[in-house]
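Asks: any chance you can model this:
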Amino acid sequence: MAQHQSFESRLARFRLVNAWWIRPACYAVSIVVLLAVWQAFGHSFGVLFVPFTETMRRLWAMLQSGPLLPGLLVSSKLYFVTLLINIVLGVGLGLALARIKLFAAAFEPYIYILYATPTISLVPFVSVIFGFEFGSRVLVSVLISIFPVLLGTLEGARSIPRQHLDVAAIFGSSEAQLWRDVIVPYVTPFAMSGIKQSIALSMVGTLVAEFFLNPDGLAAVLLQGTTIVDSGWVLAVTVFIAAIAVVLVGIGELIERYLVRWRQQAVG
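Replies: Presented below is the predicted three-dimensional model:
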């Protein structure tokens, strides 16, 4: 029994000391296994699926002289407008719903109705009412990706411990000081968690909006490969989009770590 406990304690100590490389190593091994399986089975489905090496060759060719980079420039405008609206409107509405009871009573049910409604079912109404221009695509993209920010901020603002607000009131904090010293620091991690999800969902929203409302950008490039049944083309575009999403989420992770550190310093 003692030897068993000793082994467990040594294993726990090993994991603690070597945590800095164990997780990246596991992640790297999983990627290698996935790519090996992809490569092995890539020759088994004919034109419906291609190996990893062929996908990378097609991706490189499309980056050099194909439509990927021009398509990325077109889609990036819609993506960043969507993400900016998600952050500004999502955080603003979340705080308003949490802090203004009459506003929440009037509008919160509609937030959850929209959240529960499949956005795809709203696309025909958006196209009929607003047309197929850029604003319509922004609306569809925002409806797909804003809710993690909005609901995360709302949950964070409503979960502020009452004693924090009471202490601020005892010290005579003004409304501005209350927001600066209590509400914003406490809500920031919740909002950033939602923003990280929205970073990826904004990419999904961009592609969906481009697919259904005047295909353009990366969605048009992906649709072109689907139309001609070119699996190498489709996989190359998919890998390209996934790589961009991973980079953007990684940037969001770094920003979140910085802001959480700032929150810890602010609240002591």
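Asks: which intervals of the stretch 151-268 of the chain have sub-threshold pLDDT?
Replies: Low-confidence segments of the stretch 151-268 of the chain (pLDDT under 70): 261-268.
Asks: now do the helices in it.
Replies: Using DSSP state H, counting those that start in this stretch, the helices found in the stretch 151-268 of the chain span residues 162-170, 175-178, 184-212, 217-227, 231-267.
Asks: would you turn the ones you listed into CSV with mean neighbour count and distance to Ser76?
Replies: From N, CA and C alone the C-beta is placed, and that goes for glycine too. What follows is these, written out as CSV (neighbours: other Cβ atoms under 10 Å; distance: least, Cβ to Cβ, whole Å):
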stretch, mean neighbour count, distance to Ser76
helix 162-170, 12, 40
helix 175-178, 11, 36
helix 184-212, 22, 9
helix 217-227, 20, 8
helix 231-267, 15, 9
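Asks: I'd say Phe240 and Leu68 touch.
Replies: Yes. At 5.9 Å, Phe240 and Leu68 qualify as touching, with contact defined as Cβ atoms under 8 Å.
Asks: what touches both of these two?
Replies: Leu59, Met62, Leu218 (Cβ atoms under 8 Å, 6 or more residues apart in numbering).
Asks: contact partners for Val81?
Replies: Val138.
Asks: next one, pLDDT for it please.
Replies: Per-residue confidence (pLDDT) for Val81: 96.
Asks: separation between it and Tyr27?
Replies: From Val81 across to Tyr27, the span is 32 Å (Cβ to Cβ, to the nearest Å).
Asks: phi and psi next, for Ser141.
Replies: The phi and psi values for Ser141, taken as degrees, to the nearest 10, are phi -60, psi -40.
Asks: what about it, distance to Gly90?
Replies: 13 Å.
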